[in-house]
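Undergrad: What follows is a protein structure lacking sequence information:
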């Protein structure tokens, strides 16, 4: 049996399909750069859907991320966000959230201040932009609106009572109720994804709305786990809200959660329609960097795929997504063996106190890039003129502690695409 | 109620040890994050008290006896959606296949076993037990009817064993065995584009329930017979009728068993798309004056498990050309992320109707959300399952083959070839 490899020729190949990879693809398509993208499900599957810019500085939570960025540039000049101007970050967020809205998920306009958005545990976190289906939770909390929080029999990892208990001090108008989700009353474990898909059916929405109306009392709005549809959630949200008669909002849940599935499915569907060559759920096996161009090789279920490209953008993430690999002694970059800035030995990875406010050095390990976001070799020289990198693979940031994962992803992807666009022309 | 293991004492497999041999390169149970994306995205979750994540966790814990005996393995359709959504690319379906193979035949769902046995009995390899002499007679009879009833096709041919034909056509047994009039639309399409094709007197049947039975040796026997048949006729391309698993079983089988195939396996959908692009099949949606809405079901075995999104693109290209851009609406999710309908993996033949319909509820909801009047699908198992769940859950849609619409659009669909169309299209 003869199987021919499928060969694609593009100007740009994005390796990685997390937030940085998707943002890079958005920016590249916006510039009319022919693009291929390869990557399997990674950490994006676990997102809340919130787009943080910068939420933490030491032990402090930031209300004003732009003030925080000033401080960051002063304290941590090598932080990836320190290498992007406010104007560029604003442009990047604006382009990206507009693109998300165009593709099917409306986001709030990134503004001057951080929003303090709800977590499933009943805490809040500073973030710059949230899906429209979640914004009422932020405003209701700020105004102290009488709010009913719902959870469901069989749904694990989301307790209305826990959320209410933890928030009631600052938000006395909260009450909790548990419902049985329509058509899923056997007591078996429920998954938010399954409930979300069921709510895409109008009759399920009608049944749920009826149950909510019954429990509404004097509540001015209703919060529930993020289950309002996977595809076109704003439509499901609006329709359910109309049926219930008061504003509704979603609260992200523990994985496996809907916001990540929404984003991934949306990208996988809309990108090919925009002309992007997407090889979903696969990892690049080999990269042959050349002077005139690069050849990527991989295998999917049907056989060999070859992508011939002029520029490559590496957005492979950290340990979970496979961009970095740690063994017992050191950390390496998985695909190209790019030098990784890291503590001298493993003893230096962690501080003694897990909650040390300075964070752990291992979390700042990553690859070095120049001002054009090109990865550097051990002597500080770009590895290849056409190789760029973006996202949390980059060194000198602690995205979880600093609550800047999306910020690093979107801002660095923007800068890298600006740079590679110059390179391509 | 006694535990399943008491009812079915099956020799346990060491799943963890076997996984290391079976899982693809780079994947391992050890890397499972226990996140549950697999279970969340699996319509078989919760059936028989099992789900993919639980299956993996139990394997990790060495609960081999329980896993070897759970009936859940017959509700998993081996659609591989778990692997598709897994950040660590863990494939539960290969372990399900392994577990199926360990069950003695008398314990397996008898519908699957009988179908596999039937395939092994005759050189036709038909799971419905149709013998070649009967097949040839049916083909000749239907071909004669077409020639007589429509003068545009009075030189139509449905050749058997035509040496050196370009296409070797693999035929699902359902048409010759149950609804022979459904054979003709595809022949008409071949005639229309001037395709050089043939059936064969052996190994002509498409289905492969031996694979679903977990019987690798029988799967190999099936594929070997069919590969030999194509090689002997010297055909360049093997194409199966609109059928999902038969493509996977042959294409994968050739690789898995290291067979020497002197041809290329192809999908009929790819050729429909190619012929439309080349202008050989000048279809359009002018017939759809009523604005009937269509959605389509991506067969897992053809899309996610075999060719991937390129064939998903072709499915949509052909569908849009046939029904009109505005009348096509995708199910969500779709393409490689699509849900199995619940008819695959032998589930339709397994006699577990209650579980199969519970599984199919998700597909039913997907279809209802589209508000489509018709579901197009090039897979017989998908076709039967979606018809069944439509009836069971009171949906008002119909399920139709591509060939029916192609011929309808070209004005060459016979009156007796409309059994899957609604009354509104009977006289068109």
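TA: Alright, I've got the coordinates. Just so you know, these numbers come straight off a predicted model, no measurement behind them. Numbering: from 1, shown residues only, chains lettered A, B, ... in the order given.
Undergrad: bridging residues for residue A:309?
TA: residue A:10, residue A:294 (DSSP bridges).
Undergrad: helix/strand/coil for residue 68?
TA: Looking at chain A here, since you left the chain open. Classification of residue A:68 using DSSP: H, G, I helix; E, B strand; the rest coil returns helix.
Undergrad: wrong one, I was asking about chain B
TA: helix.
Undergrad: For the closest residue to it other than its chain neighbours, give its distance to residue B:99.
TA: Of all residues not flanking residue B:68 in the chain, residue B:12 sits nearest, at 4.3 Å (C-beta to C-beta, 6 or more residues apart in numbering or on different chains). Bear in mind the C-beta positions are built from the backbone N, C-alpha and C, glycine included. From residue B:12 across to residue B:99, the span is 10 Å (C-beta to C-beta, to the nearest Å).
Undergrad: cool, residue B:10 as well?
TA: Computed as C-beta to C-beta, the residue B:10 to residue B:99 distance reads 9 Å.
Undergrad: Now do the shared contacts for these two.
TA: residue B:68 (C-beta atoms under 8 Å, 6 or more residues apart in numbering or on different chains).
Undergrad: Least confident secondary structure element in chain B?
TA: Lowest on mean pLDDT, DSSP states H and E among the helices and strands of chain B sits helix B:4-7, with a mean of 51.
Undergrad: For the closest residue to chain B within the stretch 251-400 of chain A, give me phi and psi.
TA: Residue nearest to chain B within the stretch 251-400 of chain A: residue A:256 (4.0 Å; C-beta to the nearest C-beta). Main-chain dihedrals, residue A:256, degrees, to the nearest 10: phi -80, psi 120.
Undergrad: give me every residue that touches it.
TA: If you count contacts by C-beta under 8 Å, 6+ apart, residue A:256 has them with A:45, A:191, A:192, A:193, B:35, B:36, B:37, B:39, B:40, B:41.
Undergrad: And the pLDDT at residue A:203?
TA: The per-residue pLDDT reported for residue A:203 equals 93.
Undergrad: Quick check: it vs chain B, distance?
TA: 8 Å (C-beta to the nearest C-beta, to the nearest Å).
Undergrad: The strand or helix carrying that residue: which residues count as buried?
TA: Using DSSP states H and E, residue A:203 sits in helix A:202-215. Of the residues in helix A:202-215, A:204, A:205, A:207, A:208, A:209, A:211, A:212 count as buried by neighbour count, 16 or more other C-beta atoms under 10 Å in any protein chain shown.
Undergrad: Which residue, other than its chain neighbours, is closest to the fourth one?
TA: If the residues on either side of it in the chain are set aside, residue A:208 comes closest to residue A:182, at 5.5 Å by C-beta to C-beta, 6+ apart.
Undergrad: Could you list the low-confidence segments of chain A?
TA: For chain A, the stretches flagged by pLDDT under 70 are A:1-3.
Undergrad: and the biggest helix by length in it, how far from the chain's centre?
TA: As assigned by DSSP state H, the longest helix anywhere in chain A is helix A:405-424. Centre-to-centre, helix A:405-424 and its host chain are 16 Å apart (C-alpha atoms, centre = their mean, to the nearest Å).
Undergrad: Flag every buried residue along it.
TA: Buried residues in helix A:405-424, defined by neighbour count with 16+ other C-beta under 10 Å: A:405-421, A:423.
Undergrad: What is the subsequent helix or strand relative to the helix holding residue A:203?
TA: Downstream of helix A:202-215, the next assigned helix or strand under DSSP H and E is strand A:221-225.
Undergrad: relative orientation of that next one and helix A:202-215 in degrees?
TA: For strand A:221-225 against helix A:202-215, the angle by axes from the mean of the first three to the mean of the last three C-alpha atoms, to 10 degrees is 130 degrees.
Undergrad: ok, and what's touching strand A:221-225?
TA: Residues outside strand A:221-225 that contact it (C-beta under 8 Å, 6+ apart): A:118, A:120, A:136-137, A:140, A:145-152, A:155, A:158, A:192, A:195, A:212, A:216, A:244, A:246-251, A:253.
Undergrad: Buried subset of those as a PyMOL selection?
TA: Restricted to buried positions by 16+ other C-beta under 10 Å, the PyMOL selection for the contacts of strand A:221-225 reads:
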select buried, chain A and resi 118+120+136+137+140+145+146+147+148+149+150+151+152+155+158+192+195+212+216+244+246+247+248+249+250+251+253
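Undergrad: In strands only, show me the contacts of strand A:221-225.
TA: A:118, A:147, A:148, A:149, A:150, A:151, A:152, A:248, A:249, A:250, A:251 (DSSP state E).
Undergrad: could the residues you listed be laid out in CSV, adding distance to residue A:175?
TA: Formatted as CSV, these follow (distance: C-beta to C-beta, whole Å):
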residue, distance to residue A:175
A:118, 15
A:147, 8
A:148, 5
A:149, 7
A:150, 10
A:151, 12
A:152, 16
A:248, 15
A:249, 15
A:250, 18
A:251, 15
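Undergrad: quick one: which of those residues is nearest residue B:126?
TA: residue A:152 (48.2 Å; C-beta to C-beta).
Undergrad: Could I get the contacting residues of that closest one?
TA: Going by C-beta under 8 Å, 6+ apart, residue A:152 touches A:158, A:178, A:179, A:180, A:181, A:190, A:195, A:225.
Undergrad: Between residue B:10 and residue B:99, which is the more surrounded one?
TA: residue B:99 (25 against 17; other C-beta atoms under 10 Å in any protein chain shown).
Undergrad: show me the contacts for the more buried one.
TA: Applying C-beta under 8 Å, 6+ apart, the residues near residue B:99 are B:13, B:15, B:67, B:68, B:70, B:73, B:214.
Undergrad: and which of those residues is nearest to chain A?
TA: residue B:70 (15.8 Å).
Undergrad: hang on, isn't the closest one packed against residue B:48?
TA: Yes: shown here, residue B:70 and residue B:48 form a contact pair, counting by C-beta atoms under 8 Å, at 6.0 Å.
Undergrad: who has more neighbours, the two?
TA: Higher neighbour count among residue B:70 and residue B:48: residue B:70, with 25 against 16, using other C-beta under 10 Å.
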